[in-house]
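**Q** how does the following fold in three dimensions:
(2 chains, ligands or ions: 1)
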Amino acid sequence: MNSHILRALVIAGLAAFPVAALADSPGAGGERKSDMQSGAEVYRHVCQACHMADGKGGKGAAVIPALAGNPKLAISAYPAGVVLNGFGAMPWFNGTLSPEQIANVINYVRTHFGNSYADTLSADDVKAMAGPVPHVTH
Amino acid sequence: MASQTRRQLLTALGLAGGTAALYQAMTVMGHAADSRFSGPPALSGARKGSKVLVLGAGLAGMLAAYELRKAGYSVRILEYQDRPGGRNWTLRGGDRVVEMGTPVQKVEFSPGNYINPGPWRIPYHHRALLHYCKQFGVALEPFIQLNYNAFVQSAEAFGGKPMRYRDVACDFTGVVAELLAKSIDGHTLDQELTPDDRAQLKEAMRGWGLLDENLRYTSSVHTSTRRGWEKRPGGGPDGAPVPSHLLDRHELFKPGMWQSLAFFMNYEMQTTMFQPVGGVDMIGKGFARQVADLITMHARVTRIAQDPHGVRVTWEHTASGKVSEETADWCVCTIPLSVLSQIDVQVAPAMKAAIGAVPYTSHIKMGLEFKRRFWEQDDDIYGGISFTSGEISQVSYPSYGYHSSGPGVLLGAYTKNMAGLDIAGMSPAERIETGLAQGSVLHPQYRKEFSNGASVAWSRIPWSLGCCAIWSEESRRQHYRTLTEMDGRIVLAGEHASYLGCWQEGAILSSLDAITRLHKRAQEA
Ligand SMILES: Cc1cc2nc3c(=O)[nH]c(=O)nc-3n(C[C@H](O)[C@H](O)[C@H](O)COP(=O)(O)OP(=O)(O)OC[C@H]3O[C@@H](n4cnc5c(N)ncnc54)[C@H](O)[C@@H]3O)c2cc1C
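**A** Model prediction:
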């Protein structure tokens, strides 16, 4: 396997356990190509699953917090840390999304959904914050 | 031990100590060694009036309640939903899927058809679950796991054309056998193998891989006895079979091909595999029959407090909004960590950190109903799984109702990771459209035969906010033990508190372990 394909697999989060399954699982196939560029794209294909298209989150036995008008986005390191490391039910995206993708999506949510923060986060900022990627076992 | 004496000893033990003792002895002797389950716990003699509050009426919670009541405790269960069973859940015509932020979906399947949006299969070695299925009268039938005639499809191989699993498996084996035989002949393995090994392995490769006398894997009557025929054997003068052609071996090495073969080799995925007759929720219903009188539904737990004398749980009625408090001596909490991490729980800081350190997967399942069972009628596929590199990941055919002429429901998607998130973000109609577009690659009949469908995005399910706990090597090391230990008067149980995550067996083993320790602690207190 050439290193290009290998890297693509690592980024898709597949490399750790391509077929080994401890949990009930669909198996190895059916991955989404990780080719999203803009923050809007990352939001739509990833964050929207939980935080909703309008950024308003949801409420059931627990809460998916709104990102719309969320004052905790004021300091960009906070959402960046949440996306890198996960938070409660929300999984970590360190190693699944690239630093560029994370920076783009943070900049996107901080300037949409009623948020308007002028400062931006760079991929290098995200890289500097990222620790080692955990090894999923289930 | 001579087999006769061993049998006698086992019989004697069985008579003296009941099945649990027999089972334990068998385990020691090397039978049944692959289970942690040595019979139901024999708890008894709870202190009179001692009370346990169980949070959550999934399998872990209901089993805890069942066994603890038997042991003499007074038990009550608080459950958020209006249905016991938790993730053990089946969707039939008339049911509704309520997700956060998604328009409510009404399931329109015809009578008799169903989809299991969560658990759906039970490996033969999940002994604890099988034990309780038997005890609670839950009928099981085979779940067709591996089907040689199902499809394997990858955009990266064979120009995206679906291949039959049988052809891929047979040719992959044949090609690997041929290469290994060649390398033995080329003396590349002389270091690793004795001359005897080499001779035997070469013979093995010839037989295992169906190689010809020159150790080559070729299209022939011989190989077609395994991979099937271009023209099958028939009767009469022209009945002679015509051998099938082999697949391009270079395409076989693509990941999408061998991964589907390796999938079925997983210990947890090996046959025999079972499913409950009529839908997986027959298990939840079987459990609920034992403890229905103990369950309070519509109860959203919002706070779990404790002091040296007891626990105090605050809950809100989801319909009326009325807030109540319930006290007890002990608490078994089976609320998924995805939810529990947002509840005010009075436990030690290390336990609190553990509760917050476990994110959840976001699988999607989709049920599609078609006017006829074309996968059986046109494609000779009866149950089993086809794999695809599309986001839907797989199509699984119903392991019930074969040959019926009415409409059939298949599992049109079972996706994970980024693909699961992508589909979760779509509207119900967009999800179904994705399922139809990607499934058509396997079955061109899809569009013409489609009738209706429904999907479940687990990350939006209000009472679980995800499918199952995600543990990493790091979090297991740092948090797992703390999470499972008793904290004062509270013990956690459920799928997340086991090493058999995302299996009902894990929920059950965790529950049995937790209540056994709780009972011991209560006896000592
Ligand atoms: C897509 C998918 C596929 C799976 N496949 C399989 C399979 O093939 N085979 C298999 O054996 N297992 C499978 N599993 C795993 C299986 O479903 C779980 O391991 C098991 O059902 C978990 O049981 P539990 O009792 O631990 O949790 P749950 O069943 O989740 O029970 C927890 C209960 O707590 C309730 N609750 C939540 N919050 C509150 C609150 N605040 N107050 C009160 N109550 C609350 C919930 O409503 C729920 O009823 C699968 C799971 C999923 C999601």
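**Q** which residue of chain B sits farthest from its center?
**A** No residue in chain B sits farther from the centre than residue B:237, which is 49.7 Å out by CA atoms, centre = their mean.
**Q** which phi and psi does the closest residue to residue B:229 other than its chain neighbours have?
**A** Leaving aside its sequence neighbours, residue B:229 sits nearest to residue B:241 (CB to CB, 6 or more residues apart in numbering or on different chains; 4.7 Å). To be clear about C-beta, it is placed using only N, CA and C from the backbone, and glycine gets the same treatment. The phi and psi values for residue B:241, taken as degrees, to the nearest 10, are phi -70, psi 150.
**Q** count residues in the vicinity of residue B:241, would you?
**A** Using other CB atoms under 10 Å in any protein chain shown, residue B:241 has 15 neighbouring residues.
**Q** ditto for residue B:263
**A** There are 23 residues near residue B:263, going by other CB under 10 Å.
**Q** distance of it relative to the ligand?
**A** 14 Å (CB to the nearest ligand atom, to the nearest Å).
**Q** please verify my assumption that that residue contacts residue A:24.
**A** No: contact between residue B:263 and residue A:24 fails when scored by CB atoms under 8 Å: they sit 11.8 Å apart.
**Q** contact partners for the residue of the stretch 201-350 of chain B found nearest chain A?
**A** For the stretch 201-350 of chain B and chain A, the shortest gap (CB to the nearest CB) falls at residue B:338, measuring 3.4 Å. Shown in contact with residue B:338 (CB atoms under 8 Å, 6 or more residues apart in numbering or on different chains): A:62, A:88, A:89, B:358, B:359, B:360, B:464, B:465, B:466, B:469.
**Q** check the gap between the fourth one and residue A:106 for me.
**A** As for residue B:358, its distance to residue A:106 is 24 Å (criterion: CB to CB, to the nearest Å).
**Q** which one's more surrounded, those two?
**A** The neighbour comparison of residue B:358 against residue A:106 (other CB under 10 Å) goes to residue B:358, with 29 against 26.
**Q** separation between residue A:43 and the ligand?
**A** Between residue A:43 and the ligand the computed distance is 25 Å (CB to the nearest ligand atom).
**Q** same deal with residue B:392?
**A** For residue B:392, the distance to the ligand equals 14 Å [CB to the nearest ligand atom].
**Q** now do the contacts for the residue nearest to residue B:229.
**A** Residues near residue B:241 by CB under 8 Å, 6+ apart: B:221, B:224, B:229, B:230, B:231, B:232, B:233, B:234.
**Q** ok, now residue B:227?
**A** Contacts of residue B:227 by CB under 8 Å, 6+ apart are B:166, B:167, B:170, B:171, B:244, B:246.
**Q** format these as JSON lines; extra columns: secondary structure, distance to residue A:133 and pLDDT.
**A** What follows is the contacts of residue B:227, written out as JSON lines (DSSP: H, G, I helix; E, B strand; the rest coil; distance: CB to CB, whole Å; pLDDT from 0 to 100):
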{"residue": "B:166", "secondary structure": "helix", "distance to residue A:133": "38", "pLDDT": "98"}
{"residue": "B:167", "secondary structure": "helix", "distance to residue A:133": "37", "pLDDT": "98"}
{"residue": "B:170", "secondary structure": "helix", "distance to residue A:133": "38", "pLDDT": "98"}
{"residue": "B:171", "secondary structure": "helix", "distance to residue A:133": "36", "pLDDT": "98"}
{"residue": "B:244", "secondary structure": "coil", "distance to residue A:133": "45", "pLDDT": "98"}
{"residue": "B:246", "secondary structure": "coil", "distance to residue A:133": "41", "pLDDT": "98"}
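**Q** hang on, isn't residue B:392 packed against residue B:410?
**A** No: Residue B:392 lies out of contact with residue B:410 (CB under 8 Å); the separation is 11.2 Å.
**Q** ok, then the element right after the longest helix seen in chain A?
**A** Using DSSP state H to define each element, chain A has its longest helix at helix A:99-109. With elements assigned by DSSP states H and E, the helix or strand that comes after helix A:99-109 is helix A:123-129.
**Q** mind checking how far that following helix is from the chain centre?
**A** Distance of helix A:123-129 from the chain centroid (CA atoms, centre = their mean, to the nearest Å) equals 14 Å.
**Q** so which bits of that helix are buried?
**A** When burial is assessed from 16 or more other CB atoms under 10 Å in any protein chain shown, helix A:123-129 yields the following buried residues: A:125, A:126, A:129.
**Q** so who does residue B:313 touch?
**A** For residue B:313, the contact set (CB under 8 Å, 6+ apart) comprises B:53, B:55, B:78, B:301, B:303, B:304, B:305, B:325, B:326, B:327, B:328, B:331.
**Q** is chain B contacted by stretch A:53-68?
**A** Yes: Stretch A:53-68 is in contact with chain B by CB under 8 Å from any CB of the partner chain, via A:53, A:56, A:57, A:58, A:59, A:60, A:61, A:62, A:63, A:64.
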